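Student: After the sequence you'll find the predicted model.
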Amino acid sequence: MQVEFETLEHKLNQLVQLSNRLRAENHKLRQELVMALSYGKQCDDKINSAQTRLERLLSALPVEEK
């Protein structure tokens with residue numbers, strides 16, 4: 001009976017360690033996701049700004065008549 005309790009205790013300790021590792025990994029991944037989403041938004045903003053500037057430049061070019 002003692003051996004069974006020790007085995008159970010060992011398995012529970014492993015489960016707790018795994019749970020702690022997964023919790024830490026999940027936290028890290030959430031932080032990375034927030035950073036990636038922020039970077040993506042910055043890139044979208046830069047693309048939109050560049051697109052607006054290009055459209056403005058193109059509209060200022062003289063129209064070539066054929």
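Tutor: Sure, I can see it.
Student: so where's the chain uncertain?
Tutor: Of all residues in the chain, none has pLDDT under 70.
Student: how about the helices of it, start to end?
Tutor: Secondary structure of the chain (DSSP state H): helices located at 2-60.
Student: Which residue lies nearest the spatial centre of the protein?
Tutor: Centroid-nearest residue in the chain: residue 33, 1.9 Å away (criterion: C-alpha atoms, centre = their mean).
Student: And that one, how far from residue 26?
Tutor: Distance, residue 33 to residue 26, by C-beta to C-beta, to the nearest Å: 10 Å. Quick note: C-beta positions are derived from backbone N, CA and C, even for glycine.
Student: burial measure for residue 6, as a count.
Tutor: Here the number of neighbours of residue 6 (other C-beta atoms under 10 Å) works out to 10.
Student: With residue 1 instead?
Tutor: As a burial measure, residue 1 scores 5 neighbours (other C-beta under 10 Å).
Student: ok, now how distant is it from residue 7?
Tutor: Using C-beta to C-beta, one gets 11 Å for the distance from residue 1 to residue 7.
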